[in-house]
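A.B. asks: Task: produce atomic coordinates for the following.
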Amino acid sequence: MATGTNSLFMLRPEGGWVIYGDDFDSIVYDKGTKAVTKSEFESGFLLYDSWFAQQQADKEAEKAALLAKLGITKDEAKLLLS
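C.D. replies: The predicted model follows:
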């Protein structure tokens with residue numbers, strides 16, 4: 001289940017905010033950071049899980065493409081990093 005931090009991270013990944021708990025009214029923004037609306041914040045709870053899953057899928061696709069370009073397997077890549 002998504003948290004207030006998750007929702008804000010999805011909506012404002014560049015940072016510039018602090019939240020205490022999951023309460024919209026507890027969000028404190030740095031000067032110059034564009035605030036999210038309460039509606040955006042609440043929608044973020046519902047959208048976060050699918051957004052995060054898509055982010056992970058995109059990362060895996062990038063890794064697979066790089067490995068294919070290099071002509072090595074995941075196990076071979078792990079050996080290079082150890």
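A.B. asks: OK, contacts around S26?
C.D. replies: Contacts for S26 (Cβ atoms under 8 Å, 6 or more residues apart in numbering) come out as 4, 19-20. In short, each C-beta sits where N, CA and C put it, glycine included.
A.B. asks: what about the longest helix in this protein?
C.D. replies: helix 38-70 (DSSP state H).
A.B. asks: List the buried residues of that helix.
C.D. replies: 40-41, 44-45, 48, 51 (16 or more other Cβ atoms under 10 Å).
A.B. asks: what helices or strands is that helix leaning on?
C.D. replies: Packing partners of helix 38-70 (3 or more Cβ pairs under 8 Å, 6 or more residues apart in numbering; DSSP states H and E): helix 4-11, helix 74-81.
A.B. asks: Run the angle between that helix and helix 74-81 for me.
C.D. replies: Angle, helix 38-70 to helix 74-81, by axes from the mean of the first three to the mean of the last three Cα atoms, to 10 degrees: 90 degrees.
A.B. asks: That concludes my questions; thank you for your assistance.
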